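Novice: I'd like to go over a predicted model; first the sequence, then the structure.
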Amino acid sequence: MWNYEKRLQYPVKITQTNPKIAQVIISQFGGPDGELAASMRYLSQRYTMPYKEVTGILTDIGTEELAHMEMVCTIVHQLTRDLTPEELKASGFDKYYVDHTLALWPQAAGGAPWTATYFQSKGDPITDLHEDLAADGTTA
Amino acid sequence: MPNYRYNMPEYERRNNCGSHPQAALHRHNQQSCSGTRETIVTVQSSCEPVRNCCEVPRRECREKMEMSCAVSDNYDALAGMPLAMAYIPWQKWRKIYDAEKALCQGTIFEELDKPFRGRGGVC
Amino acid sequence: MAENRPCRRDLLNRINTASFAVDDVKLFLDTHPCDTEALEYFHEFQQMRKSALKEYSRYYGPLTIDTVDVDECDRWNWINEPWPWQEGGC
């Protein structure tokens, strides 16, 4: 199970808003190569790993990816603080705003919603480790 | 299609391919064979291009090189291993960054510090 | 209390640094459970992290549920300080 620490793994302090770049960075949250996909990949695969070392590392990396996800969401949140309608329209962020306002919702930069199809968890340890390698360069 | 042996300067470094980080043998138009400094001069005169079917053209050196490189057919660190598998070297505890630097770089392991350089995706 | 209040930013830097070291060595130890050097490294930074978290909680409010001290404070202060993504958050 999980505990929470009330801090980011690395501080994020953005002073200048930029909805245009936020639109791109959101992929690192809810996109195919984003932290949410990474976390779910490892946390899903760990149940069928036959070695405790591998189960351990998948659990710990999956947990850390959630912390990364939090940092990315913080970045997007700080980049989109208090935007005016003019800024929203000019940046293209209005398309996201109409459905989510300034809330964080896991999607890719192009608008595709996050989906479990962004990762694979097949139960064969070698297969799953290859999935991890391809996705992240991470391996046990 | 070139196999891993022709595309891994790191691999060659580890296998003591002389003082050059990259085996010249792997390059089409190199004039000399790699190897130790001592052999390069002598090897230059006796090297001739050899072209094997389906292989990257390479120069075969008649002189016996003191330290043989990956290009020779004799040496293969993965010889005897099962086919159709991917292999990963085992990580050792070494080259640990200072804690403050580690936080900045995103890893405590210098060997895993591989910043994204942009173009081409290769460091 | 007339004690010297440690700088919040310094304490937080200490927590972040020690915690990151613990995070990374933890992953290494998962696959190298008997590596004595790594175990020592873990121990060193775990101690640093624990004491920094405790000290932080004392002066600036808890960052973990385990450092919440309901004896010192007569209300639930976990929700008091800004959240990490907010202005003034960690």
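Specialist: Great, that's in hand.

Novice: How about the residues of chain A by chain B?
Specialist: Contact residues, chain A versus chain B (CB under 8 Å from any CB of the partner chain): A:10, A:126, A:130, A:133, A:139. Every residue, glycine included, has its C-beta placed from N, CA and C.

Novice: same deal with chain C?
Specialist: Within chain C, the positions adjacent to chain B are C:16-18, C:20-21, C:24-25, C:28, C:31-32, C:35, C:37-38, C:41, C:45 by CB under 8 Å from any CB.

Novice: Doesn't residue A:78 belong to a helix?
Specialist: Yes: remark: residue A:78 belongs to a helix, assigned using DSSP: H, G, I helix; E, B strand; the rest coil.

Novice: From chain C, how far out is the residue nearest to it when sequence neighbours are not counted?
Specialist: Nearest non-adjacent residue to residue A:78, counting by CB to CB, 6 or more residues apart in numbering or on different chains: residue A:14, 3.9 Å away. Relative to chain C, residue A:14 is positioned 10 Å away (CB to the nearest CB, to the nearest Å).

Novice: Could you list which residues are in contact with residue A:14?
Specialist: Neighbouring residues of residue A:14 by CB atoms under 8 Å, 6 or more residues apart in numbering or on different chains: A:75, A:78-79.

Novice: check which helix or strand covers residue A:88.
Specialist: helix A:85-91 (DSSP states H and E).

Novice: no no, residue A:70
Specialist: helix A:52-79.

Novice: name the helices or strands packed onto that helix?
Specialist: Contacts defined by 3 or more CB pairs under 8 Å, 6 or more residues apart in numbering or on different chains; DSSP states H and E place helix A:52-79 against helix A:19-25, helix A:27-30, helix A:35-45, helix C:8-31.

Novice: can you list contacts of the helix holding residue A:88?
Specialist: A:17-20, A:23, A:83, A:93-94, A:97.

Novice: Out of these, which is nearest to residue B:108?
Specialist: Closest approach to residue B:108 among the contacts of helix A:85-91 (CB to CB): residue A:18, at 31.7 Å.

Novice: quick one: the closest one and residue A:81 touch, right?
Specialist: No: the criterion here is CB atoms under 8 Å, and residue A:18 misses it with residue A:81 at 10.4 Å.

Novice: of the two, who's got more company?
Specialist: residue A:18 (17 against 12; other CB atoms under 10 Å in any protein chain shown).

Novice: Within range of chain A, give me the residues from chain B.
Specialist: Near chain A, when you scan chain B using CB under 8 Å from any CB, you find B:85-86, B:88, B:103.

Novice: nearest residue to residue 26 other than its sequence neighbours?
Specialist: By default, I'm working from chain A. residue A:76 is the one closest to residue A:26 (CB to CB, 6+ apart), at 5.4 Å.

Novice: actually chain C
Specialist: residue A:60 (5.7 Å).

Novice: burial of that neighbour, as a residue count?
Specialist: Neighbour tally, residue A:60, other CB under 10 Å: 17.

Novice: who's in contact with it?
Specialist: By CB under 8 Å, 6+ apart, the contact list for residue A:60 reads C:26-27, C:30.

Novice: Export the residues you listed as TSV, with columns for pLDDT and neighbour count.
Specialist: Below are the contacts of residue A:60 laid out as TSV (pLDDT from 0 to 100; neighbours: other CB atoms under 10 Å in any protein chain shown):
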residue	pLDDT	neighbour count
C:26	98	19
C:27	97	19
C:30	97	19
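
Novice: out of these, who's nearest chain B?
Specialist: residue C:27 (9.6 Å; CB to the nearest CB).

Novice: Return the residues in contact with that closest one.
Specialist: With CB under 8 Å, 6+ apart, residue C:27 has these contacts: A:57, A:60-61, A:64.

Novice: Reformat those as a markdown table; add pLDDT.
Specialist: Output for these, formatted as a markdown table (pLDDT from 0 to 100):
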| residue | pLDDT |
| --- | --- |
| A:57 | 97 |
| A:60 | 98 |
| A:61 | 97 |
| A:64 | 97 |
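
Novice: Great, nothing more from me.
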